[in-house]
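S.K.: Give me the fold of what follows.
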Amino acid sequence: MSRFDDEVRMDLGGIYQDAGDVADYQGASSATGILVVIDRDWQVYDKDQLPMRVTTISVMIADVPESRQGDQIDVASDRVWTVQEVLEDDGHERRLWVS
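M.R.: Numbers count the residues shown, from 1 in each chain. Below you'll find the predicted structure:
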């Protein structure tokens with residue numbers, strides 16, 4: 001692991017503290033009161049390689065060690081999001097396509 005990776009891992013909690021929302025995660029892993037970051041304008045490509053905009057939620061792997069399609073995330077008791085696909089996992093955080 002590089003020095004940069006170590007610094008990102010150390011600062012990740014602060015980033016989530018500043019930009020995150022409180023959520024409960026149910027599914028492959030269960031966690032309550034975790035911080036998540038919502039991005040409502042993330043670009044992915046469909047099976048025909050056409051771009052489309054989707055909503056994603058990023059979670060820290062320390063809080064949610066495993067994710068899979070169908071897991072549910074209740075953000076601030078306001079809305080329940082369902083995981084469609086895991087888009088990224090860098091070992092520190094995971095980006096999930098939700099709807």
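S.K.: from here on, contacts and neighbour counts on C-alpha atoms
M.R.: Noted.
S.K.: Distance check, the residue lying closest to Val98 once chain neighbours are set aside against Trp97.
M.R.: Spatial nearest neighbour of Val98, chain neighbours left out: Val83 (4.5 Å); criterion: CA to CA, 6 or more residues apart in numbering. The gap separating Val83 from Trp97 is 6 Å, by CA to CA, to the nearest Å.
S.K.: Once you drop chain neighbours, what's closest to Trp81?
M.R.: Ile73 (5.1 Å).
S.K.: Hmm, Gln84 and the one you found touching each other?
M.R.: No - with contacts counted by CA atoms under 8 Å, Ile73 stays clear of Gln84, the gap being 11.5 Å.
S.K.: more neighbours, those two?
M.R.: Neighbour count, other CA atoms under 10 Å: between Ile73 and Gln84, Ile73 has more, with 23 against 16.
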